[in-house]
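**Q** no FASTA, just this:
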Ligand code: NAP
């Protein structure tokens, strides 16, 4: 009977690859792309499942507004720094994410940002579009090549490892940081593990792949940028709070950092004005997982997780 169907709240939107399977089984309440926190607090009472995404914090107020009916918060992302895991655990609410399906897309975007920043593509294209290209100039827009460079991977997890494979395939030497050694990847890629400071000093390109946690907050600030140096390239496709983006803007202005390729920012969708004005910066609007295959895979994974929990089975990707 219709009135026995459980309710799934989709904080913003879920792509059809996941939404249609949920709509067959449950009543849906959907906030839409412009949904605010106030909209979420209004929609969520009585829900059995909440589909969130990185732009929608899920904290104790949201959980309390949902009430005792809530069984699962299914995040439409692999990162889950927007979800208060302890508050979910305290209330017996399961939390799930969408790993693996976005690994390739995000690793490829990190490679794209590496090339774009290393070759000054944003500045070059901006000048061309502004009518500021006055002819071939042997001294202009000189960057670095990936072949023969040292690429430092901060966080050799799923995405970091795939990024390292791609960079290795392009002829880079791989160094990495992680809390635990990764002997298999060391064997496969000849990768060498080192402390962050040594990695920053050693690498021509530094790419960030750790999750956003209290330990990784502002992992890269002014002092770390100085170690990357005036020829070095910083790439961040992980989460904004890991990198101090105003310090990145200052380092680019002062010429103490070679270039930066960023996909994520501390207070999205805000981007610091100083960063927008900085030279040698390639800035993307959080599109790491934005391929058709990856986003459909993520939507489908969200549906798998919600359906499993609401049918009293273990979800495929539980994080709490
Ligand atoms: P993952 O497999 O969990 O990899 C993260 C790695 O970071 C782990 O292997 C872990 O290795 C390491 N790590 C964790 N905490 C650390 C710490 N405090 N210090 C140093 N290393 C630490 O996750 P993933 O699937 O690769 O995703 C990584 C992140 O990418 C996500 O959390 C998300 O924020 C971001 N992401 C962004 C986009 C985008 O659109 N831009 C798309 C997808 C993912 P050890 O345990 O060995 O230290």
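**A** Sure, I can see it. Just so we're clear, the structure is a prediction, and the values are computed from it rather than from any experiment.
**Q** whichever residue of the stretch 151-300 of the chain sits closest to the ligand and residue 188, how far apart?
**A** Taking Cβ to the nearest ligand atom, the ligand has its nearest neighbour within the stretch 151-300 of the chain at residue 157, 1.7 Å off. Placement of C-beta: from N, CA and C, glycine included. Between residue 157 and residue 188 the computed distance is 15 Å (Cβ to Cβ, to the nearest Å).
**Q** next up, the contacts around residue 210.
**A** By Cβ atoms under 8 Å, 6 or more residues apart in numbering, the residues touching residue 210 are 154-155, 157, 160, 216, 219, 238, 242.
**Q** name the nearest residue to it, ignoring sequence neighbours.
**A** Leaving aside its chain neighbours, residue 210 sits nearest to residue 155 (3.4 Å; criterion: Cβ to Cβ, 6 or more residues apart in numbering).
**Q** and for that neighbour, the neighbour number?
**A** Neighbour count of residue 155, defined by other Cβ atoms under 10 Å: 22.
**Q** next, it: phi, psi?
**A** With angles defined as degrees, to the nearest 10, residue 155 sits at phi 100, psi 90.
**Q** quick one, grab the pLDDT at it.
**A** Per-residue confidence (pLDDT) for residue 155: 98.
**Q** can you list the low-confidence ranges for the stretch 1-150 of the chain?
**A** Counting by pLDDT under 70, the low-confidence segments of the stretch 1-150 of the chain come to 1-3.
**Q** what do you get if the cut-off is 50, keeping everything else the same?
**A** Counting by pLDDT under 50, the stretch 1-150 of the chain has low-confidence residues at 1-2.
**Q** does the residue in it that the ligand sits nearest to count as helix, strand or coil?
**A** Closest residue of the stretch 1-150 of the chain to the ligand, Cβ to the nearest ligand atom: residue 79 (2.8 Å). Secondary structure assignment for residue 79 (DSSP: H, G, I helix; E, B strand; the rest coil): coil.
**Q** check contacts around it.
**A** Applying Cβ under 8 Å, 6+ apart, we find residue 79 in contact with 54, 97, 211-212, 238-239.
**Q** what about 7 Å?
**A** Each residue near residue 79 by Cβ atoms under 7 Å, 6 or more residues apart in numbering is listed here: 54, 211-212, 239.
**Q** quick one, which of the residues you listed are buried?
**A** Among these, the ones that count as buried by 16 or more other Cβ atoms under 10 Å are 54, 212, 239.
**Q** save those residues as a markdown table, and put in distance to the ligand and secondary structure too.
**A** A markdown table is the format used below for these (distance: Cβ to the nearest ligand atom, whole Å; DSSP: H, G, I helix; E, B strand; the rest coil):
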| residue | distance to the ligand | secondary structure |
| --- | --- | --- |
| 54 | 8 | coil |
| 212 | 6 | coil |
| 239 | 4 | coil |
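**Q** still on that earlier bit, what about the contacts of residue 210, which are in helices?
**A** With DSSP state H as the criterion, helices contain residue 160 from among the contacts of residue 210.
**Q** now, the most widely separated pair of the contacts of residue 210?
**A** Using Cβ to Cβ, the two most remote members of these are 157 and 219, lying 14.6 Å apart.
**Q** wait, residue 63 touches residue 70, no?
**A** Yes - between residue 63 and residue 70 a contact is recorded at 6.5 Å, counting by Cβ atoms under 7 Å.
**Q** if I look at those two, which residues touch both of them?
**A** Common neighbours of residue 63 and residue 70 (Cβ under 7 Å, 6+ apart) are residue 93.
**Q** the more surrounded of those two?
**A** Each of residue 63 and residue 70 has its neighbours counted (other Cβ under 10 Å); residue 70 has more, 26 against 20.
**Q** pull the contacting residues for that one.
**A** 47-48, 50, 63, 93.
**Q** top of those by neighbour count?
**A** If you count neighbours using other Cβ under 10 Å, the busiest of the contacts of residue 70 is residue 50, which has 29 neighbours.
**Q** that one in helix, strand or coil?
**A** With three-state DSSP as the criterion, residue 50 reads strand.
**Q** wait, does stretch 309-320 contact the ligand?
**A** No - if you take Cβ under 6 Å from any ligand atom as the test, stretch 309-320 misses the ligand, and the best it gets is 9.5 Å.
**Q** can you list the neighbours in contact with that stretch?
**A** The contact list for stretch 309-320, computed with Cβ under 7 Å, 6+ apart, reads 6, 48-49, 71-72, 80, 85, 88-89, 94-99, 301, 304-305, 308.
**Q** sort out for me which of those are in strands.
**A** Members of the contacts of stretch 309-320 lying in strands (criterion: DSSP state E): 49, 72, 94-96.
**Q** nearest to residue 268, of these?
**A** The closest of the ones in strands among the contacts of stretch 309-320, once distances to residue 268 are taken by Cβ to Cβ, is residue 95, at 20.8 Å.
**Q** ok so, going back, ok, of the contacts of stretch 309-320, which come out buried?
**A** Using 16+ other Cβ under 10 Å, the buried members of the contacts of stretch 309-320 are 48-49, 71-72, 80, 88, 94-99, 301, 304-305, 308.
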